[in-house]
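1. everything below, folded, please.
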Amino acid sequence: MNKSRRAFLRNSSLVVAGTMAFKNEVFAAKKGKQIVGIQLYSVRDDMKKDPLATLKQLAAMGYTDVEHADYVDRKFYGYSAKEFRKILDGLGLRMPSGHTVMEPKHWIKEKNDFADSWKETVEDAAMVGQHYVISPWLDESLRKNYDDVLRYMQVFNKSGELCKKSGMKFGYHNHDFEFSQKMNGTTLYDIILKNTDPNLVIQQLDMGNLYNGGATAADIIKKYPGRFESLHVKDEIRSDKGNEKYESTILGKGITNLKDNLHFIKKAGGAKYLIIEQEAYQGISPIESAREDLRIIKSWGY
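-> Modelled structure (predicted):
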């Protein structure tokens, strides 16, 4: 994940959406047709300029599912949940998940309850028709020591309970630090997986981000089978700019063994949703990158 994306997540109030009519079979990681979608952060500048036109382009390419990265003041890309749901329905698009950072301010320790702003996040998620409310960041203040992380994993579970009331699940999306940072000899990712209830909290595995942390998707899937209902399908190349070792690229053009990892996961029967994300473009426009990414993943049999 590039530096600008990190800053975007740290400083924005984003939200994910869910659905009131979430079918039970979606909750089980199992064999079956996997659904390909796109994280709208991949075309963030286009969405900022003209979200409706951008969504029309994506639908015309053949995308059926999108994942949002913008929810501010109870609006998705400037539209209320009801308005955005109507737009998606009109284009034949679904939004099974989206990203919002669950920040420290969203949990009121003294009341042992969530702030109204987080409850509204879940409410709007259900209204717009989503399945998962996914937080794509764990604030640094919440991971200073082992005990702090353990306590906050209970907040993750409580968020899962809150989402369940509306037929959804809470989810967490990894970066790289979860695999490189250790506490009491245990990686942060292992702490998260071992202390969250899989019936309430899904893990959305970012196949590019974990590479930066020294992990591989296949190894993580083997260690925690059935825990990943959604994947961020992302390839990486070495970066010669910024502070990151790697940056994302067109699927199959990178060094992460992405195709083989995806096929392994497919055979293992996990991950219903494959969400394409590309954050760097090497001179190709984001919208054309989105088109090429979809072409390539379809050529792989998805």
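2. how much space separates M127 from L193?
-> Distance of M127 to L193, computed by C-beta to C-beta, to the nearest Å: 30 Å. All C-beta atoms are positioned from the backbone trio N, CA, C, and that covers glycine.
3. could you do H131 as well?
-> 20 Å.
4. do Y79 as well
-> 35 Å.
5. which helix or strand lies directly C-terminal to the lowest-mean-pLDDT helix or strand in the chain?
-> Least confident helix or strand of the chain, by mean pLDDT, DSSP states H and E, is helix 3-11 with a mean of 54. Using DSSP states H and E, the helix or strand that follows helix 3-11 in sequence is strand 35-39.
6. burial count for D260?
-> D260 has 11 neighbouring residues, counting by other C-beta atoms under 10 Å.
7. okay, now the closest residue in space to D70 that isn't next to it in sequence: neighbour count?
-> In space, D70 comes closest to Y77 once its chain neighbours are excluded; the distance is 5.1 Å by C-beta to C-beta, 6 or more residues apart in numbering. Neighbour count of Y77, defined by other C-beta under 10 Å: 20.
8. make sure Y77 is actually in contact with I87.
-> No: using C-beta atoms under 8 Å, Y77 makes no contact with I87, being 9.0 Å away.
9. just to revisit the earlier point, Y79 and L193: who's more crowded?
-> Counting neighbours by other C-beta under 10 Å for Y79 and for L193 shows that L193 has the greater number, 19 against 16.
10. R227 and I192 touch, don't they?
-> No: with contact defined as C-beta under 8 Å, R227 does not count as touching I192 (10.3 Å).
11. okay, and the common contacts of the two?
-> Q203 (C-beta atoms under 8 Å, 6 or more residues apart in numbering).
12. and the longest helix along the chain, what does it pack against?
-> Identified as the longest helix of the chain according to DSSP state H is helix 146-164. If you count contacts as 3 or more C-beta pairs under 8 Å, 6 or more residues apart in numbering; DSSP states H and E, helix 146-164 packs onto strand 113-114, helix 116-127, strand 132-135, strand 169-173, helix 188-194, strand 201-206.
13. E67 and M207, how far apart?
-> Note on E67: its distance to M207, by C-beta to C-beta, is 15 Å.
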